[in-house]
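Colleague: Below: sequence and its predicted model.
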Amino acid sequence: MLELRKISKHFGGVRAVDGVDLAVARGEILALIGPNGSGKSTIVNLICGLFPLTAGRVVFDGADITDAPMHARVSGGVARTFQNIRLFGQLTVWQNLWVAQNSGEQRRQSFGRRWFGGSRGARGEVERTLEFFDLAHKSNELAANLAFGEQRRLEFARALSAKPALLLLDEPAAGMNAEEIDQLDNRIRKVRDDGVTVLLIEHHMELVMSIADRIAVLNFGRKIAEGTPASVQANPLVREAYLGTPEQA
Amino acid sequence: MDFYLGLIQIIGVHTLLGLSAYCVLLTGQVSLAQAGFFAIGAYVAGMLTVLAQWPLIPALAVSAVVAGAVACAVGFPALRVKGLMLVVATVAFGEAVRLFFFNFTYQIQAGTLHLGPHGAEGFRQIRYFPEHGWSTLDVVLFIWIVVALVMAGLWWLDHSRVGAVLRAVGEDELAAQSVGINITAVKVSAMTVGGFIAGIGGGIFAHYTTHIEHAQFGVVLATFAIAYPILGGLSNVFGTLLAAVFIQGFLIEGLRFMGDWRNLLFGGLIVLAMNVRPRGLLDAGTTRALKRLFAAGKERSGA
């Protein structure tokens, strides 16, 4: 469903991403891991169009979206969350989800209903999403006033509101406690079971090993391994990237 | 009495000007072009009623559309830049409009009179109201009906999804794009609506003063335009109204007895007001408190 063909991103002399090939299959949870600064977030930013590529193509659902603007990619089915939470703090929880309903299908609803009050369908969707993320009781709170864990959930909920086919989760477990990570694990599985493909970037290995169908490992902007959780764990290159070479250790 | 009616007219027109800046400010853009749109509205409406003998309401409608169209055209290039750069770009636009009218002469002979804009001398004899027998009170009523309609329209817009989208863009453009909002389209639309409202305000302004000239539409007016929504707060349209009353009614007219000291105090009081109420005179907290008060009153009268 998503194909990255030899994508590169150089910032000046820094090769943040250097010729990475990666394919995400429909319906899977693919985890992208790697040490800090290995280029994971840069890949997410390239997929969603935050900045232009230095080289390579991004193909989504058979269409080349390398040069499409960010908002068009969302309505085309690619949504993301941010590693450092970026909610609309002065909007309510409800409004945060409301403004995010920008999928192609939602756009096809009549202009008046979509813009001026939201159809009953749109309101129902917001309510169901709030329910699913256990935020319904906070629906009229300003997003800025939520606790950290709630903000993380809202960020996830907002990304889902555009009904994406592919969801990019950039470190959704950062700063969460064990119980919250358990809930996150369940929610990601549920979302996948509902037909959303997930590209997960995460440092929390327990979560990654538990839910990922496949794992791709990055180091210094290059892909050094790809495969099932077991094969990646056994890969000496991966151990080296995380722990250093035996001589250094 | 006429003094007060005149003051109420000024407040009404300046409220429209402030509301035009309010739309744009919601998306986080500081535009000093609103005085330019206001000027375009004033000249277009004046020329339509004086030179083409149009009735007032169609003339105002056309002036609003023309000002809105110019705002839309200016919005595309101007909104590509941000922050201070946008301020500079919009000041430049406003000055360009002012200088255009400084040089703009288009007069026709009507008996012994020359009618129409006449460059630096301005555009005199916009006498629609006296010619059609409108009393000052009629004009006041007309202005405030328009203000009420515009405020109602913006209030509704504010509470629809449009309002939430505008505010989302104002808060975080990157996050807005990442949820699929086309921020260029949103910002240009806000600019267009702002230009439309400024055009109506300018059209009314031309008719109640009967004489307009380029110097009235300078940077000072543009500064007033953004001062109202900033001082009033962006939580709803009533903040802008309150700020227009505060600045025009209290700071400018109310302090007239102080002579030359007024200007000093004027600046000082605005700084003070912004310090005491950093989120505007009518911020979200005050609005909630008023709503609670109102709800409590209703319950009591209901019981």
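Modeller: Everything's here; your move. In this text the structure is predicted, and so the values were computed from the model without any measurement.
Colleague: Can you tell me the SS state at residue A:169?
Modeller: Classification of residue A:169 using DSSP: H, G, I helix; E, B strand; the rest coil returns strand.
Colleague: how deep is the residue nearest to it when sequence neighbours are not counted tucked in, by neighbour count?
Modeller: What sits nearest to residue A:169 in space, not counting adjacent residues and going by Cβ to Cβ, 6 or more residues apart in numbering or on different chains, is residue A:200, at 4.9 Å. Bear in mind the C-beta positions are built from the backbone N, C-alpha and C, glycine included. For residue A:200, the count of nearby residues is 23 (other Cβ atoms under 10 Å in any protein chain shown).
Colleague: can you pull up the bridge partners for residue A:200?
Modeller: With DSSP bridges applied, residue A:200 shows beta-bridge pairing to residue A:31, residue A:169.
Colleague: And the pLDDT for it?
Modeller: Note for residue A:200: predicted pLDDT of 96.
Colleague: and the helix or strand harbouring residue B:69, anywhere near chain A?
Modeller: Per DSSP states H and E: residue B:69 is located in helix B:56-78. No. On the criterion Cβ under 8 Å from any Cβ of the partner chain, helix B:56-78 is out of touch with chain A, staying 15.0 Å away.
Colleague: Let me see the mean pLDDT of that helix.
Modeller: Averaging pLDDT along helix B:56-78 gives 95.
Colleague: Give me the buried positions along the helix or strand just after it.
Modeller: Next along the chain after helix B:56-78, taking DSSP H and E as the criterion, comes helix B:83-103. For helix B:83-103, a neighbour-count test (16 or more other Cβ atoms under 10 Å in any protein chain shown) marks B:86-87, B:89-91, B:93-95, B:97-98, B:101 as buried.
Colleague: Does anything pack onto helix B:83-103? Which helices or strands?
Modeller: If contacts are counted by 3 or more Cβ pairs under 8 Å, 6 or more residues apart in numbering or on different chains; DSSP states H and E, helix B:83-103 sits against helix B:34-50, helix B:56-78, helix B:219-232.
Colleague: Residues in contact with it: which ones?
Modeller: With Cβ atoms under 8 Å, 6 or more residues apart in numbering or on different chains as the contact definition, helix B:83-103 has outside contacts at B:29-36, B:39-40, B:43, B:74, B:77-79, B:81, B:117, B:119-120, B:213-215, B:217-219, B:222.
Colleague: Give me the buried subset of those residues.
Modeller: Buried members of the contacts of helix B:83-103, counted by 16+ other Cβ under 10 Å: B:29, B:31-36, B:39-40, B:43, B:74, B:78-79, B:117, B:213-214, B:217-218, B:222.
Colleague: now the residue nearest in space to the middle of chain A, nearest residue through space, not along the chain?
Modeller: Geometric centre of chain A, nearest residue: residue A:168, 1.7 Å, by Cα atoms, centre = their mean. Nearest residue to residue A:168, sequence neighbours excluded (Cβ to Cβ, 6+ apart): residue A:80, at 4.0 Å.
Colleague: phi, psi of the one you found?
Modeller: Here is the backbone geometry of residue A:80 (degrees, to the nearest 10): phi -140, psi 160.
Colleague: and the gap between it and residue A:100?
Modeller: The spacing between residue A:80 and residue A:100, counted by Cβ to Cβ, to the nearest Å, is 11 Å.
Colleague: In terms of neighbours, single out the busier of those two.
Modeller: The neighbour comparison of residue A:80 against residue A:100 (other Cβ under 10 Å) goes to residue A:100, with 30 against 26.
Colleague: the strands in chain B, which residues?
Modeller: Remark: strands assigned in chain B by DSSP state E are B:108-110, B:113-118, B:122-124.
Colleague: Distance check, the residue nearest to residue B:18 when sequence neighbours are not counted against chain A.
Modeller: By the measure of Cβ to Cβ, 6+ apart, the closest residue to residue B:18 outside its immediate chain neighbours is residue B:228, 2.9 Å from it. Distance of residue B:228 to chain A, given as Cβ to the nearest Cβ, to the nearest Å: 20 Å.
Colleague: Who are the contact partners of the closest residue to residue A:87 other than its chain neighbours?
Modeller: Leaving aside its chain neighbours, residue A:87 sits nearest to residue A:143 (4.2 Å; criterion: Cβ to Cβ, 6+ apart). Going by Cβ under 8 Å, 6+ apart, residue A:143 touches A:87-93, A:96, A:151, A:154.
Colleague: same thing but 10 Å
Modeller: A:85, A:87-96, A:150-151, A:154-155, A:158, B:171 (Cβ atoms under 10 Å, 6 or more residues apart in numbering or on different chains).
Colleague: ok, so what distance separates residue B:252 from residue B:263?
Modeller: Counting by Cβ to Cβ, the gap from residue B:252 to residue B:263 is 10 Å.
Colleague: Show me which of those two is the more surrounded one.
Modeller: Shown here are residue B:252 and residue B:263; by other Cβ under 10 Å, residue B:252 has more neighbours (18 against 13).
Colleague: Pick out the residue of chain B closest to chain A.
Modeller: Closest contact between chain B and chain A, by Cβ to the nearest Cβ, is at residue B:180 (3.0 Å).
Colleague: what about the stretch 51-200 of chain B, any weak spots by pLDDT?
Modeller: The model of the stretch 51-200 of chain B has no residue with pLDDT under 70.
Colleague: Repeat that for chain A.
Modeller: Across chain A, the ranges flagged by pLDDT under 70 are A:109-119, A:246-249.
Colleague: Where is the longest helix in it?
Modeller: helix A:178-193 (DSSP state H).
Colleague: gap between that one and the chain center?
Modeller: Chain-centre distance of helix A:178-193: 14 Å, with Cα atoms, centre = their mean, to the nearest Å.
Colleague: Tell me which residues of it come out buried.
Modeller: By neighbour count on 16+ other Cβ under 10 Å, the buried set for helix A:178-193 is A:180-181, A:184-185, A:187-188, A:191-192.
Colleague: Can you name the two of the residues you listed that sit furthest apart?
Modeller: Checked with Cβ to Cβ, the buried residues of helix A:178-193 reach their widest spread between A:180 and A:192, with 18.7 Å between them.
Colleague: list the contacts for residue A:20?
Modeller: The contact partners of residue A:20, taken as Cβ under 10 Å, 6+ apart, are A:4-9, A:32, A:39, A:42-43, A:46, A:56, A:216, A:218, A:221-223.
Colleague: Sitting in helices, which of these do you find?
Modeller: Counting by DSSP H, the contacts of residue A:20 place A:42-43, A:46 in helices.
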